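> have a look at this prediction, sequence included:
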Amino acid sequence: RVAEQVGAAVDAGARVLYKSSVPEAAPESSSYYPVTVLSDVTQDMPIQRLETFGPVVSIASFDGTEDTAVKLANDTEYGLASLVYTQDIKKAGRVGRRIRSGQVGINCYSLVKADMACPWVGHKCSGFGFHSGVDGFRQFSVPKSIVFPEGISLE
């Protein structure tokens, strides 16, 4: 699926800026995909709007406004994670709060930098439930109340 998304993007005008080689030790039947960096990606390309579970970075230009950045980030049915890179940390906070995704990494890859107490949550069509943190553990438990009249012992 990753190869199909990259191929469709290139066919539609994206440029491959970098593509690593496949390690010689990787079996031909493996799911290994080379690290790939694409530029000139547009919002109408599927790779820009789907979850691409592979080592692919898509670079697209926009007008530089916060509103457009948020609009483009939210223009997908998915919302597992997003990343905001900028030297303006206050801007990053404003944009990050408006993006509809489970985690927003500010100048970092959130999966690597997040504390284990931080829940990992998918929004929209990026899955149900979450893991890690107190909230993650709660979803695997079912609370129960046992109510009985005063003066009765269950022991």
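Here it is on my side, so go on.

> ranges for the strands of the chain?
For the chain, the strands defined by DSSP state E cover 15-19, 36-39, 56-58, 78-79, 81-84, 103-106, 120-121, 123-124, 130-131.

> which residues sit against the fourth one?
Strand 78-79 is contacted by residues Arg49, Leu50, Glu51, Arg100, Ser101, Gly102, Gly122, His123, Lys124, Cys125, Ser126 when judged by Cβ atoms under 8 Å, 6 or more residues apart in numbering. C-beta: built from backbone N, CA, C; applies to glycine.

> now the fifth one
If you take Cβ under 8 Å, 6+ apart as the criterion, strand 81-84 is touched by 69, 73, 92, 95-96, 99, 101-111.

> select only the buried ones of those in PyMOL?
Those of these that count as buried under 16 or more other Cβ atoms under 10 Å are selected in PyMOL with:
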select buried, resi 69+73+92+95+96+99+101+102+103+104+105+106+110
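
> name the nearest residue to Leu17, ignoring sequence neighbours.
Once flanking residues are discounted, Leu17 sits nearest to Val37: 4.4 Å by Cβ to Cβ, 6 or more residues apart in numbering.

> thinking again about what came up before, show me which of the contacts of strand 78-79 are buried.
Glu51, Ser101, Gly102, Gly122, His123, Ser126.

> quick one: contacts for the last one?
The contact partners of Ser126, taken as Cβ under 8 Å, 6+ apart, are Glu51, Tyr78, Gly79, Leu80, Ser101, Gly102.

> okay, the closest residue to it other than its chain neighbours and Ser101: tell me how far apart.
Leaving out its chain neighbours, the residue that sits closest to Ser126 by Cβ to Cβ, 6+ apart is Leu80, at 3.9 Å. Relative to Ser101, Leu80 is positioned 6 Å away (Cβ to Cβ, to the nearest Å).

> what about Ile47, how many residues nearby?
Ile47: 22 surrounding residues under other Cβ atoms under 10 Å.

> quick one, what contacts it?
Contacts of Ile47 (Cβ under 8 Å, 6+ apart): Gln5, Val6, Ala8, Ala9, Ala14, Leu38, Val41, Val56, Ser58.

> still on that earlier bit, got a markdown table for the strands of the chain, with mean pLDDT and distance to Thr65 too?
Formatted as a markdown table, the strands of the chain follow (pLDDT from 0 to 100; distance: least, Cβ to Cβ, whole Å):
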| stretch | mean pLDDT | distance to Thr65 |
| --- | --- | --- |
| strand 15-19 | 98 | 25 |
| strand 36-39 | 97 | 20 |
| strand 56-58 | 94 | 20 |
| strand 78-79 | 80 | 21 |
| strand 81-84 | 88 | 14 |
| strand 103-106 | 90 | 18 |
| strand 120-121 | 72 | 27 |
| strand 123-124 | 70 | 23 |
| strand 130-131 | 66 | 31 |
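
> perfect, that will be all.
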